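Undergrad: could you work out the structure for the sequence below:
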Amino acid sequence: ISRTDSATVTAEDLRNGAGQSPTLTSNKEASESVAVAGASGLFDVDFTVEFENSSSETLYAIQLVDDVQSTLGAGDWTVGTPQVLTAVQTDDAGTSTDISGVITAQAGAASWFNANIDLPGGDKVVVTYRVRITVGDDGDANTPQAGPYINTVTISGEDALGDTVSTVSEEPVTIMLDSP
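TA: From the prediction side, this is the model:
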């Protein structure tokens, strides 16, 4: 005699039975532009992106896409490769880990930052990076600023079922050409 039991496994079961779909939240801020000393037409802008997995499920293969070239390069500017200044992952217990070496900027790619990290439920990441912008001559000496342009960052990852979870944050950026 043999016996076979069967059970239906639902998406909720695979999501730890929490009844909560995975969720990413994000926020993006830009610093005021700073003129690079001794270099006419060069400005630095620092961006800070914070994103959090506000669910209880781990999200996998997190990607941070901030195509600053397409957004900020839309005007009479050229944009250099972003430089990661800091990157910190904090777990839900408050323990922080430096992940600066994991998040790398990629020149000429639409996916500027290769994070490819896993983000457990409750964890958040804060990344600060600098973009050097060269402002071209638009022929108008009375123009006190370039922009504003809306810069967008998209954070995405996959849940345990392989479904994409994402969030988008926007930040206006203006370069003050008369910066000291």
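Undergrad: hey, let's count contacts and neighbours off CA atoms from now on
TA: Noted.
Undergrad: what distance separates the start and the end of stretch 36-50?
TA: 26 Å (Cα to Cα, to the nearest Å).
Undergrad: contacts for that stretch next, please.
TA: With contacts defined as Cα atoms under 8 Å, 6 or more residues apart in numbering, stretch 36-50 is touched by 26-35, 124-136, 175, 177.
Undergrad: which ones among the residues you listed lie within strands?
TA: 26-30, 34-35, 124-135, 175 (DSSP state E).
Undergrad: show me where this protein dips below the pLDDT cut-off.
TA: Applying pLDDT under 70 to the chain flags residues 2, 6-20, 71-77, 106-115, 136-147, 176-180.
Undergrad: where along it do the helices fall?
TA: 11-14, 68-72 (DSSP state H).
Undergrad: what's around the residue lying closest to Val168 once chain neighbours are set aside, how many residues?
TA: Spatial nearest neighbour of Val168, excluding adjacent residues (Cα to Cα, 6 or more residues apart in numbering): Thr154 at 4.5 Å. Around Thr154 there are 18 other residues, counting by other Cα atoms under 10 Å.
Undergrad: name the nearest residue to the residue positioned nearest the centre of the chain, ignoring sequence neighbours.
TA: Nearest to the mean C-alpha position of the chain, by Cα atoms, centre = their mean, lies Leu64 at 4.2 Å. Nearest residue to Leu64, sequence neighbours excluded (Cα to Cα, 6+ apart): Ile155, at 4.6 Å.
Undergrad: tell me, how many residues neighbour the residue nearest to Thr134 when sequence neighbours are not counted?
TA: Nearest non-adjacent residue to Thr134, counting by Cα to Cα, 6+ apart: Leu42, 4.7 Å away. Number of residues near Leu42 (other Cα under 10 Å) recorded here: 21.
Undergrad: next one: Ser40
TA: 11.
Undergrad: against Ile133, how distant is it?
TA: Remark: distance between Ser40 and Ile133 (Cα to Cα) = 11 Å.
Undergrad: pretty sure Ile99 contacts Val84?
TA: No - contact criterion Cα atoms under 8 Å: Ile99 and Val84 do not qualify, at 10.4 Å.
Undergrad: determine how far stretch 122-133 lies from the middle of the whole chain.
TA: Here stretch 122-133 is found 6 Å from its chain centre; the criterion is Cα atoms, centre = their mean, to the nearest Å.
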